[in-house]
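Enquirer: Fold the following.
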Amino acid sequence: MSDPAAAPEPSFNTLYRDHRSWLQGWLHRRLGDAWTAADLTHDTFLRVLASQQAKAVPSLREPRAYLLTVGRRLLVNHYKRRSLEQAYLDALANLPEALAPSPEQRWLLLETLQALDDLLDGLPAVVRRAFLWSQLEGLDYASIAGRLEVSERTVKRYMAKAYEHCLLVDL
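Expert: This next block holds a predicted model:
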């Protein structure tokens, strides 16, 4: 006898069957790459299945709008990651070969950069900048205040906001 709790709800299966090819086509038109579109479509449905919203699938009045929202967020994350990777590769291209990291080190650095970007996602740009200057460049608050043309007190508020965000984020 099979365990009914182990199988996804039929409503999710219906959502997938009825809308997967539409979502994949939409992503393919945006990306121009069928493989990446298929990956992002898969990720979209995984997010839906993993979320609390999966239980509410039968009550979705506009399932395509919901899927589009999740798919767009994944598409934005995809472009951000690609941009981050390109910036990293450009920086590597300027390094002398003797100083270039190994492929394993490159992968770890890219993963770390992506995790940091995900962690700081949602913070205002000026708060992110202050936090990164403090943590990565070791700048003191006075130096950050000078760069941002704000008071040290404002920088302290920015840093407090960034620390609070890092502590409360659910990755």
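Enquirer: what does the helix or strand of the chain with the lowest mean pLDDT rub up against?
Expert: Least confident helix or strand of the chain, by mean pLDDT, DSSP states H and E, is helix 103-120 with a mean of 82. Under the criterion Cβ atoms under 8 Å, 6 or more residues apart in numbering, residues 80-81, 84-85, 88, 92, 101, 128, 131-132, 162, 165-166, 169, 171 lie in contact with helix 103-120. To be clear about C-beta, it is placed using only N, CA and C from the backbone, and glycine gets the same treatment.
Enquirer: what is the mean pLDDT for the biggest helix by length in the chain?
Expert: Taking DSSP state H as the assignment, the helix of the chain that covers the most residues is helix 63-93. The average pLDDT within helix 63-93 is 85.
Enquirer: care to break this protein down by domain?
Expert: Domain ranges of the chain: 7-100, 122-171, per automatic domain parsing.
Enquirer: and the ones you listed, which one's lowest on average pLDDT?
Expert: domain 7-100 (a mean of 83).
Enquirer: And Y66, how far from V48?
Expert: Noted for Y66: a distance of 8 Å to V48, by Cβ to Cβ, to the nearest Å.
Enquirer: make that A130, sorry
Expert: 36 Å.
Enquirer: Same drill for those two, tell me which one is more crowded.
Expert: A130 (27 against 20; other Cβ atoms under 10 Å).
Enquirer: that older thread, kindly format the C-alpha coordinates of the least confident helix or strand of the chain as CSV.
Expert: Extracted C-alpha coordinates of helix 103-120, given in CSV (Å, rounded to 0.1, in the frame of the first residue of the first chain):
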residue,chain,number,x,y,z
PRO,A,103,39.2,25.8,-11.2
GLU,A,104,38.2,24.4,-7.8
GLN,A,105,39.1,27.7,-6.1
ARG,A,106,37.2,29.6,-8.8
TRP,A,107,34.1,27.6,-8.3
LEU,A,108,34.3,28.1,-4.5
LEU,A,109,34.8,31.8,-4.9
LEU,A,110,31.9,32.1,-7.3
GLU,A,111,29.7,30.1,-4.9
THR,A,112,30.8,32.4,-2.0
LEU,A,113,30.1,35.5,-4.0
GLN,A,114,26.7,34.2,-5.0
ALA,A,115,25.8,33.3,-1.4
LEU,A,116,26.9,36.8,-0.3
ASP,A,117,24.8,38.4,-3.0
ASP,A,118,21.8,36.3,-2.0
LEU,A,119,22.4,37.2,1.7
LEU,A,120,22.4,41.0,1.0
